[in-house]
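Asks: give me coordinates for this.
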Amino acid sequence: MRHLKQCYPQILETDRRLQEQYEDVTTAKLTRGVSPLDDTGERLTPWELDEMLNGGTVRQRVRSALDYHLKDKLELGFEWVAVTSVTLTTGTPREYIYLWIDDPENEVSTDNLAPALEKHLSGCDNAYAENHTYQDDGSAGAITVAHSPPLVSSPPADFFQIQEVSEAPGRPNTRGAKFVAQQLAHLPVGDYYNSQREDPSETLLEGGVLAWVSPYRWFRTSRGVADL
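Replies: This is a model prediction of the structure:
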C-alpha cells in the first residue's frame, strides 16, 4: 500500500510540480544493472545480486558524480528519484535513477551523466559496459536525456486522487516518470490481490519479496521530491 498510495503518486506529483517550477525542464534516466551470472557461468542468488547493486559505496559514488557534473560544473539545479525493481526474464535487480534538471539552455547531454555510469561500472561487481550501452544523443540505452520530455497521452492510475493535492493539476506527466513509477517493486503484489487485474509473473512477485527483505532502500529520493 505504501508503494501504491505514497511512492507512486509521490513520483508523479513531483514530475508535474517540477515541470511547472523549472524554467525549462530536461529529464534524464540512468539505468544501473548487474549480470545474473558469475565468472564461471553459475547463477547468482537474488540476495547476492542485490548486495552487488545496492551495497557498499556504489550508490553514494554515483550520486556524487551526478552532483559534481550537473550541480558543480554546470550549476544546474535538479531533483531525482531512484527505483530498484527486477527484470521480467531473470528477476535480476536493476535500478532506475530519474532526474528532473532545470536546464534552460539545454546544456545537459549524455556526456554529463556518463561519469556517474562509470562510477557504477567501476564500483559494482558484475556490472559490465556491454550491458550498459547507450546512444550518444540520449535517445535510448542506459543513459537517456530528453530536452522536450514526451508526455503521457492518457491519465495514469490514481490521477484524480493525486490531482487533489497537486500544485499543477492540469499538467500531464512525462512518460519517463510514469515508467519509473510503474517499476516500484511492490505494485505487482497489489495486482495479485486485485481481481480486476491479471496476476503478475512469479518473477515479479519474488522481486517484491526481495525488496521486502532487502537491507537496502529500493525507493530513494532527493530532498526536493514532493512529500505527500
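Asks: can you give me the helices for this protein?
Replies: For the chain, the helices defined by DSSP state H cover 2, 8-21, 46-54, 58-66, 110-123, 159-163, 175-181, 187-193, 202-213.
Asks: weakest of those in terms of mean pLDDT?
Replies: Per-stretch mean pLDDT for those is lowest at helix 159-163 (a mean of 50).
Asks: hmm, back to that, please identify which of the helices of the chain is closest to residue 150.
Replies: helix 175-181 (4.8 Å; Cβ to Cβ). Every C-beta, even on glycine, is put in place using the N, C-alpha and C of the backbone.
Asks: just checking, what packs against the closest one?
Replies: helix 8-21, strand 25-33, strand 78-86, strand 93-102 (3 or more Cβ pairs under 8 Å, 6 or more residues apart in numbering; DSSP states H and E).
Asks: within its sheet, name the partner strands of the second one and how each one runs.
Replies: Strand pairing for strand 25-33, determined by DSSP bridges: strand 93-102 (antiparallel), strand 143-146 (antiparallel).
Asks: would you turn those strands into a markdown table with mean pLDDT?
Replies: What follows is the strands paired with strand 25-33, written out as a markdown table (pLDDT from 0 to 100):
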| stretch | mean pLDDT |
| --- | --- |
| strand 93-102 | 98 |
| strand 143-146 | 98 |
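Asks: most packed of those strands?
Replies: Among the strands paired with strand 25-33, ranked by average contacts under mean count of other Cβ atoms under 10 Å, first place goes to strand 93-102 (a mean of 23).
Asks: between it and helix 58-66, how big is the angle?
Replies: Per axes from the mean of the first three to the mean of the last three Cα atoms, to 10 degrees, the angle that strand 93-102 makes with helix 58-66 is 20 degrees.
Asks: and the angle for strand 93-102 with strand 78-86?
Replies: 160 degrees.
Asks: wait, residue 8 touches residue 187, no?
Replies: Yes - the criterion here is Cβ atoms under 8 Å, and residue 8 meets it with residue 187 at 7.2 Å.
Asks: of those two, who's got more company?
Replies: residue 8 (25 against 20; other Cβ atoms under 10 Å).
Asks: thinking again about what came up before, just the helices of the chain: most buried one?
Replies: helix 8-21 (a mean of 23).
Asks: gap between the residue positioned nearest the centre of the chain and residue 119?
Replies: What sits nearest the mean C-alpha location of the chain, by Cα atoms, centre = their mean, is residue 96, with 2.8 Å. Computed with Cβ to Cβ, to the nearest Å, the distance linking residue 96 and residue 119 is 16 Å.
Asks: and if you look at residue 199?
Replies: 38 Å.
Asks: and residue 56, how many neighbours?
Replies: Neighbours around residue 56, by other Cβ under 10 Å: 13.
Asks: for it, which non-adjacent residue is spatially closest?
Replies: Among residues not flanking residue 56 along the chain, residue 123 sits closest, at 7.0 Å (Cβ to Cβ, 6 or more residues apart in numbering).
Asks: from what I can see that neighbour touches residue 60, true?
Replies: No - counting by Cβ under 8 Å, residue 123 stays clear of residue 60, with 9.3 Å between them.
Asks: check the gap between residue 110 and residue 19 for me.
Replies: 22 Å.
Asks: hang on, I meant residue 200
Replies: Noted for residue 200: a distance of 30 Å to residue 19, by Cβ to Cβ.
Asks: do residue 13 as well
Replies: Residue 13 sits 11 Å away from residue 19, going by Cβ to Cβ.
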